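Asks: Output the structure for:
(chains A and B)
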Amino acid sequence: MKILKLVLIIFLIFPINALKADNEVLKNKITKNLRCLICQGQSVYDSDSEFANSLKIVVDNKINEGLSEKQIYSYFQSKYGEWILYDPLFNKNTYFLWLLPLLIFFIGGAIIFNKFIKKQK
Amino acid sequence: MKNKLLPLSITFIFIIIFIVFYKGLKDTNIYTPESKINNEIPSLMVDLFDTDKTVNTIEIFQSDKFYLLNIWSSWCVPCREEHPFLMELKNNDRLKVIGMNYKDTKNNAKNFLEELGNPYDQIIFDSKGTNAIEWGAYGVPESFLISNNKIIKKYIGPLNKASVEEIKSYIK
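Replies: Below is the predicted model:
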């Protein structure tokens, strides 16, 4: 019986904590992918500047308002431009950036295939 | 055919890499924020400095006049430098200067205005600095020129003679 009670209590407490923890994890994840625009080489998460501290509060508010991670990124992008995001978006300016490694990988693979595997056969 | 394909693809890759790096070489790596923008002003509830009322920003910037939103703080040294320019702009009939008091205490802000004069038509009280973020600001001092609910120009850092002349040419 005691164990049952304990399990029940744990089950009752756990989802609430998990929810709060989830928000905190999400907030940390988002602020780590936002560049602190007035600092040198720091994310918003790392920085303790006035700008970063205010931005953290705004991220918190947006999460509580129910915005998704993507919506929050596009919100900040609309305010500060793409530079605030550490991960560059996939658009016509960045096709090359995203696709070049893949291209090189495939061409390299083709060369290896041609040179070694076909020869063995 | 087989033998030609290999050197051909290798040269192709090298040409691509060369072009990418060569273009990157000429790009500037100093980031400058865009100052000419055409964003709508954000619609959010803000606290007023004098009356403790909460109003929507749309209510503050409603008429067809030009507005200059100036973000300032009593602890900000460059704000003292730009203050005479704000006092000068206050006298212009076509422009209303709106202040946004950034991460400040009311007492200090009042002392600041008593000492240097109050150029502001209304003041928004932003104790947490979140309103400034919603406006897309970087810090203090910063000014936004607004017309028809749109931000037409952004001045990062203190205003100077040149920027005041520019503002005057905009509102002519």
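Asks: Mind pulling the model confidence for B:I171?
Replies: Looking at B:I171, its pLDDT is 86.
Asks: Correct me if wrong: it contacts B:L95.
Replies: Yes: using C-beta atoms under 8 Å, B:I171 makes contact with B:L95 at a distance of 5.4 Å. From N, CA and C alone the C-beta is placed, and that goes for glycine too.
Asks: For the two, work out which one has more neighbours and name it.
Replies: Using other C-beta atoms under 10 Å in any protein chain shown, the more surrounded residue of B:I171 and B:L95 is B:L95, with 20 against 16.
Asks: quick revisit: any common contacting residues for B:I171 and B:L95?
Replies: B:F66 (C-beta atoms under 8 Å, 6 or more residues apart in numbering or on different chains).
Asks: longest helix of chain B?
Replies: What stands out as the longest helix in chain B, according to DSSP state H, is helix B:2-26.
Asks: what's the next secondary structure element after that one?
Replies: Per DSSP states H and E, the first helix or strand lying C-terminal to helix B:2-26 is strand B:45-48.
Asks: ends of stretch A:108-121, how far apart?
Replies: Terminal residues of stretch A:108-121 are spaced 19 Å apart (C-alpha to C-alpha, to the nearest Å).
Asks: er, stretch B:23-39 actually
Replies: Span of stretch B:23-39 from end to end, C-alpha to C-alpha: 31 Å.
Asks: Can you show me the CA trace of the helix or strand where A:I63 lies as PDB?
Replies: Using DSSP H and E, A:I63 sits within helix A:50-64. The C-alpha coordinates for helix A:50-64 follow below in PDB (Å, rounded to 0.1, in the frame of the first residue of the first chain):
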ATOM      1  CA  GLU A  50      21.700  43.800 -20.900                       C
ATOM      2  CA  PHE A  51      20.700  42.800 -24.400                       C
ATOM      3  CA  ALA A  52      21.000  39.100 -23.800                       C
ATOM      4  CA  ASN A  53      19.200  39.200 -20.500                       C
ATOM      5  CA  SER A  54      16.200  41.000 -21.900                       C
ATOM      6  CA  LEU A  55      16.200  38.700 -24.900                       C
ATOM      7  CA  LYS A  56      16.000  35.700 -22.500                       C
ATOM      8  CA  ILE A  57      12.900  37.100 -20.800                       C
ATOM      9  CA  VAL A  58      11.300  37.700 -24.200                       C
ATOM     10  CA  VAL A  59      12.100  34.000 -25.200                       C
ATOM     11  CA  ASP A  60      10.500  32.900 -22.000                       C
ATOM     12  CA  ASN A  61       7.400  35.000 -22.600                       C
ATOM     13  CA  LYS A  62       7.100  33.700 -26.200                       C
ATOM     14  CA  ILE A  63       7.300  30.100 -25.000                       C
ATOM     15  CA  ASN A  64       4.600  30.700 -22.400                       C
END
